[in-house]
Structure formats: C-alpha cells, structure tokens
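Asks: here is the input, now give the coordinates:
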Amino acid sequence: MLKKLLLSLALTLASLGAVAQTTTYGTMLTYHTNTDINFNAVSPYINYEFKDSDFIAGAYINSYRRLGTYIGYRYQHNDRLSVDVVGVTGYHWAISPLARVNYHVTPKVTAFFVPGMDGYSPQITPSVIGMDIKFN
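Replies: Sure, this is the predicted structure:
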C-alpha cells in the first residue's frame with residue numbers, strides 16, 4: 001500500500017507541481033461514528049492548493065486502507081472556517097462525493113467533520129470527526 005501511495009504521489013507531483021501554489025504533507029487522525037467496524041484511524045496525505053483559485057487536489061490512505069485521490073473546491077468562509085467539496089476515489093463508487101467542514105485551530109492543526117456519504121453499504125454510513133496535522 002505504501003508503494004502505491006508513493007507512486008501516486010510522485011505522479012501527482014510531476015503533473016501538478018507546475019500549477020500548485022501550496023503543497024501540504026500531513027496526517028489525519030480520525031474517529032468514525034455509528035459503527036463497530038475497525039476503520040483506519042491514521043491517514044497520511046499530500047494536498048495541493050492551486051494558484052489563483054480555490055481548487056484543491058491530493059492523495060491519502062482512506063478509511064478502508066485504500067489509496068484515495070481527490071480533486072475539488074475549498075470554500076474559505078473566514079480565517080477559521082472552510083468547507084471542502086471534492087470527488088474522491090478509493091471508495092464504493094469510481095468517484096464518490098465527499099464534503100468536509102474544517103475549523104482551523106492553528107495554521108498546522110485543523111479539526112474537521114465529514115458527514116457519512118460513501119454509500120459503501122446501506123447499513124454503514126459513518127460520519128467522521130478528526131484532526132488534520134500538517135508537517136510543513
């Protein structure tokens with residue numbers, strides 16, 4: 001799995017590096033509500049924010065321990081509050097919708113909430129609360 005992540009990151013860097021304004025590396029620590037399933041709770045990631053726009057893209061290890069890549073939009077409400085709306089791979093559908101509400105505690109720490117939208121199983125639609133910790 002780590003080899004796939006590194007390969008995906010290398011390809012993403014090569015293709016997006018020229019247009020990315022900010023590249024962030026970090027990990028998400030997560031807790032899944034409404035479930036007894038042992039989901040992945042530590043998700044390393046890389047995120048790109050594009051020049052002169054609110055578009056974002058990146059890759060991470062998701063809750064099912066699969067590589068997920070995403071592209072979408074970040075609406076920045078103010079210095080502390082933002083919402084990400086993306087299409088992401090690695091779940092049940094080829095591209096799944098994902099929305100994430102972010103509260104920026106510090107420049108390197110963000111608390112977030114993701115409503116259950118995956119549809120992987122009709123009985124399993126856990127929501128996620130978590131902490132995003134940036135390494136750079």
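
Asks: which strand or helix spans Tyr25?
Replies: Assigned by DSSP states H and E, Tyr25 belongs to strand 20-32.

Asks: what residues sit buried inside the helix or strand just after that strand?
Replies: Next along the chain after strand 20-32, taking DSSP H and E as the criterion, comes strand 42-50. For strand 42-50, burial by neighbour count (16 or more other CB atoms under 10 Å) applies to 43, 45-50. C-beta here means a position set from N, CA and C on the backbone, and glycine is covered the same way.

Asks: of those residues, just say which sits nearest to Asp84.
Replies: Asn47 (9.5 Å; CB to CB).

Asks: what's opposite the closest one in the beta bridge?
Replies: Asn47 has the following beta-bridge partners by DSSP bridges: Thr24, Gly58.

Asks: is it in contact with Gln21, as I believe?
Replies: No. In this structure Asn47 lies outside contact range of Gln21 using CB atoms under 8 Å: 11.5 Å.

Asks: helices of this protein, start to end?
Replies: Ranges of helices within the chain are 2-16, based on DSSP state H.

Asks: in it, what spans have low per-residue confidence?
Replies: 1-20, 117-125 (pLDDT under 70).

Asks: spatially nearest residue to the most centrally placed residue in the chain, not counting backbone neighbours?
Replies: The centroid of the chain falls nearest to Tyr60 when counting by CA atoms, centre = their mean (6.4 Å). Leaving aside its sequence neighbours, Tyr60 sits nearest to Tyr45 (CB to CB, 6 or more residues apart in numbering; 3.5 Å).

Asks: that neighbour and Asn62 touch, don't they?
Replies: No. Counting by CB under 8 Å, Tyr45 stays clear of Asn62, with 9.6 Å between them.

Asks: sweet, I'm off.
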